[in-house]
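Participant: Next come a sequence and a model predicted from it.
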Amino acid sequence: MPTLPNRTSGVRRWVIVAGTLPLAWWCISLTAGALGIGYDAIGDVVSTWNITTAAGLVILIPAAFFSVSGGFELASPDSPRHGRWYATVGLTLTMAFYLLMVLKSVVAIFGGSVLRDPDTWSPELSSLEQWAVAAPYAAFLIPTGATLAALWRGRSRQAGSVT
């Protein structure tokens, strides 16, 4: 059992990072959009990241709250079980947001043409740009899923110990 605090500390750190990753990504994309970085090449993609993440704050703010709360509760000797559940809720909400964003891009690519509102804020994207919009969200699924798996893998090992 001496390795448990070190492992818990690492998982705790990853829970907090994975839960706040989409908010950090939004801040980076907002900064890139405000500074006009690569606007000619990827301006529409950055705008889409900004708009969709702003709409996703309904999911992402509670997800970050649960992840950070769960991360701090994991360090508490009194309530690691609560921390695991809080972190699970936060990471699951975050993964749901990522899956929605990837699914939105895939449907836009393969779903055929849809009548667009001429007053929409979001730009019309090509297939390549849709893949570029989905790429970071698909990539963020990997560390978030791995963190969720590590969170519960440790639980099954602890349940088997008799000490």
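Facilitator: Perfect, thanks for sending it. Numbering: from 1, shown residues only.

Participant: In this protein, which helix is the longest?
Facilitator: helix 127-160 (DSSP state H).

Participant: Give the buried residues for the strand or helix carrying residue 21.
Facilitator: Here residue 21, judged by DSSP states H and E, is contained in helix 4-35. For helix 4-35, a neighbour-count test (16 or more other C-beta atoms under 10 Å) marks 8, 11-12, 14-16, 18-23, 25-26, 29, 32-33 as buried. Every C-beta, even on glycine, is put in place using the N, C-alpha and C of the backbone.

Participant: Mind giving me the packing neighbours of that helix?
Facilitator: Under the contact criterion of 3 or more C-beta pairs under 8 Å, 6 or more residues apart in numbering; DSSP states H and E, helix 4-35 touches helix 39-55, helix 57-75, helix 80-110, helix 127-160.

Participant: And the third one, what's buried?
Facilitator: To tie it back to what came earlier, the one meant is helix 80-110. Judged by neighbour count (16+ other C-beta under 10 Å), helix 80-110 contains these buried residues: 80, 83-84, 86-91, 93-95, 97-98, 101-102, 104-105, 108-109.

Participant: mind checking how far residue 57 is from residue 140?
Facilitator: For residue 57, the distance to residue 140 (C-beta to C-beta, to the nearest Å) stands at 16 Å.

Participant: Please say which of the two ends up with more neighbours.
Facilitator: residue 140 (20 against 15; other C-beta atoms under 10 Å).
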